Structures are given as C-alpha cells and as structure tokens.
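Colleague: fold the following, please.
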Amino acid sequence: MLDPKLRTFLILCQTKSFTKTAESLHITQPAVSHHLKYLEAYYQTKLYEYNNRKFQLTPSGEILYQFVNSVNSDSERLKAQLPSLSTNVPELRIGAEQSAGESFLPHLIISFLKEMPKCKLKIISENYSSLSTMLDNGDLDFFLFDGVVSTTKYDYHELGVGNVICVCSPSHPLAEKEVSIQEVYNNTLILGAKNTPSRIRLENIFQENGILTYRFSNHIEVSNSLSCVKELVLHNAGIAFLYKSGVAKELAHGNLKQIHIHHFHEQHAYNLICMRNSYFNPSQAYFIQFCQDFLKQWNSGNITPDL
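Modeller: Numbering: from 1, shown residues only. Just a heads-up that it's a prediction; the model follows:
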C-alpha cells in the first residue's frame, strides 16, 4: 500500500492533470498541490514542470515515477498472493473530532471491519485540543478532523469534501425557503464552541457578508456534540449549519428541512491529521485509502446513513 502522497503523485503522472487527479482521489486540487510540494521538499528536487502548458515530468520526476509505479505493481501482486502480510493482529488507534465521530465514523468502521475483521481498533471522539495532545504523546496514530491545521508539526491527508447546509425544524418559518444570509442571522443559531473550526468558518461567512459576529445576541453554543445540535434543531430551538451527509437520514425522513441561502455554496474537507513525516505501516496506509474510498461513496449518497 502506497503512502497517500506517493499515490497522488502516481495518479498525477498517469492523468497529467491536477483536476483529474483530485477527482480520481476525491480530494481537492489544493490537496494535490500540497502532496506534490511535500514530495519535492522531501526529495529536494523539482518533480514536474509545464512545457507549452502541458504537464511534464522532470528527469527526477521520471525516476520517482518509475520507482513508485514498480512498488505499486509489486504491492498489488503481493496483496493478491498473500492473505496477510503479518501473523500479528493489526491495531489502529483512531481519534475523531465531533463532526466525524458522530456522523460517518460509525458507518466507516462497520464497513472497514468487514474488510479487516481481525483488526483491533481504539476509537476516541474528542475535541481538537484533546486529540492533538494525544497525538503529541503518541497515544494516537492519527485523527479525523473537520479542517486544516496550521502548525508545522502536523501533516494532513485530505479524505473527502462534503457540502454544508443550513437546516431547521419542519415547523420553522424558514423551512425550504430561499432567504438571505441576513435573515438566517436574525434567527436563533446553534453554534459550535468558540475558536473551533466550524465556529470560525461560520463567523467568516457572516463577516464576508458584512455581519459582525461579535454581536451574536441570540444563539445557543454547543461543545463537541453533534447529536445535541440535531436534537435542538429537531425541537425547533434554533437552526444550524451541518454537513448534508450528516443529516441525510433526517432530511430523507422529513424530520429536518433545509434553508436555501442565496449564493451559499460551502464545502469543507475532512482530513486525517498525523505527525509530520509519519511512517505508515500497511494497516495504517490501507485505512487511509479505505477512508478516501468510503467518503467518496458517502458524500455521493451511495451509502445509506441507516445502520
């Protein structure tokens, strides 16, 4: 199993397109660029260039491509011939931030265990601060996070991108209506805790529309509990911005309704956060690839949210 960055490089060499590579791996183009920049920094050489607007590998890039392609082919052949690379029971220590831990993670784990039933899993759902401390202390292999971290001691692998929508109770006056962002702001908002990624992004959305978020006067703040946010919305205590995939069941059953906001098209990325320059054993590398494939299906609606 290839390291995710090398896999990105391999697909880019085959497609010769950042757009097609992003689509193939179900990640964003910035994530593709991030992987290539990381590899160039790691190997201290330029791997590609554009000649007459056409993607072209440098001599160093060609050498790396031949090596990666060979390793990938050998890995696939080995996987087909050996039922297991080790007699030891693989173990994964996975952390998950709230939005992942209470939405798609249970479904992902159930699907993953069907592929690797002997894998021993340790799953911890916590806030970013707690998860980062555990990662620093070596108590986690990596954690799933709704956002990108800025610190240089971590690296991230983009797993998938999901659409964010505004939802409310069916009895709410704005249910299924097209409204302005100002009209949404004038209602009771159910928000994440201060300085969390979801809260910061929401504040940025309002500020970009000329709304001063420090004047939030009618809101409910909920820390690290997606289920609590859902219950509050279901009982018409307020409205909230949530991943569409995370409320797919409620929308399908009519328990929640969408509020359609003019010119609002928000997408957030789920990322796997790990220590910088981490080495992934076969089980860890397989889990990363499995996450990417699973989230591609999850966000496209091909996996039912019902357990």
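Colleague: okay, now the residue nearest to Leu232 when sequence neighbours are not counted: neighbour count?
Modeller: Take Leu232 and drop its neighbours on the chain: the residue closest to it by CB to CB, 6 or more residues apart in numbering is Ile190, 5.3 Å away. Yep, even glycine has a C-beta here, placed from its N, CA and C like the rest. By other CB atoms under 10 Å, 22 other residues sit near Ile190.
Colleague: so Ile190 lies in a strand, does it not?
Modeller: Yes. Per DSSP: H, G, I helix; E, B strand; the rest coil, Ile190 lies within a strand segment.
Colleague: roughly how far apart are it and Glu126?
Modeller: 20 Å (CB to CB, to the nearest Å).
Colleague: now Ser278
Modeller: 20 Å.
Colleague: return the alpha-carbon coordinates of stretch 26-43 using PDB.
Modeller: Extracted C-alpha coordinates of stretch 26-43, given in PDB (Å, rounded to 0.1, in the frame of the first residue of the first chain):
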ATOM      1  CA  HIS A  26     -11.900  12.600  -4.300                       C
ATOM      2  CA  ILE A  27      -9.700  15.300  -2.800                       C
ATOM      3  CA  THR A  28      -9.300  19.000  -3.600                       C
ATOM      4  CA  GLN A  29      -6.800  20.400  -6.100                       C
ATOM      5  CA  PRO A  30      -5.000  22.300  -3.200                       C
ATOM      6  CA  ALA A  31      -4.500  18.900  -1.500                       C
ATOM      7  CA  VAL A  32      -2.900  17.500  -4.700                       C
ATOM      8  CA  SER A  33      -0.600  20.500  -4.800                       C
ATOM      9  CA  HIS A  34       0.200  20.100  -1.100                       C
ATOM     10  CA  HIS A  35       1.200  16.400  -1.700                       C
ATOM     11  CA  LEU A  36       3.500  17.400  -4.600                       C
ATOM     12  CA  LYS A  37       5.100  20.300  -2.700                       C
ATOM     13  CA  TYR A  38       5.700  17.900   0.200                       C
ATOM     14  CA  LEU A  39       7.400  15.300  -2.100                       C
ATOM     15  CA  GLU A  40       9.600  18.000  -3.800                       C
ATOM     16  CA  ALA A  41      10.700  19.300  -0.400                       C
ATOM     17  CA  TYR A  42      11.300  15.800   0.900                       C
ATOM     18  CA  TYR A  43      13.400  14.700  -2.100                       C
END
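Colleague: in three-state terms, label Tyr65 for me.
Modeller: When classified by three-state DSSP, Tyr65 comes out as helix.
Colleague: distance of it relative to Leu47?
Modeller: 8 Å.
Colleague: which residues are common contacts for the two?
Modeller: Jointly contacting Tyr65 and Leu47 under the rule CB atoms under 8 Å, 6 or more residues apart in numbering are 9, 57.
Colleague: burial of Gln29, as a residue count?
Modeller: Neighbour count of Gln29, defined by other CB under 10 Å: 13.
Colleague: with Glu126 instead?
Modeller: Counted with other CB under 10 Å, Glu126 comes out at 18.
Colleague: can you check Lys118 too?
Modeller: 9.
Colleague: let's have the chain start at 44 instead
Modeller: Sure thing, new numbering starts at 44, so read that last one as Lys161.
Colleague: next up, the contacts around Asn230.
Modeller: With CB under 8 Å, 6+ apart, Asn230 has these contacts: 215, 217, 261, 281-282.
Colleague: for Glu281, which non-adjacent residue is closest in space?
Modeller: One thing to correct before we go on: residue 281 is Gly, not Glu. Gly281's closest residue in space is Thr231 (CB to CB, 6+ apart), at 3.7 Å.
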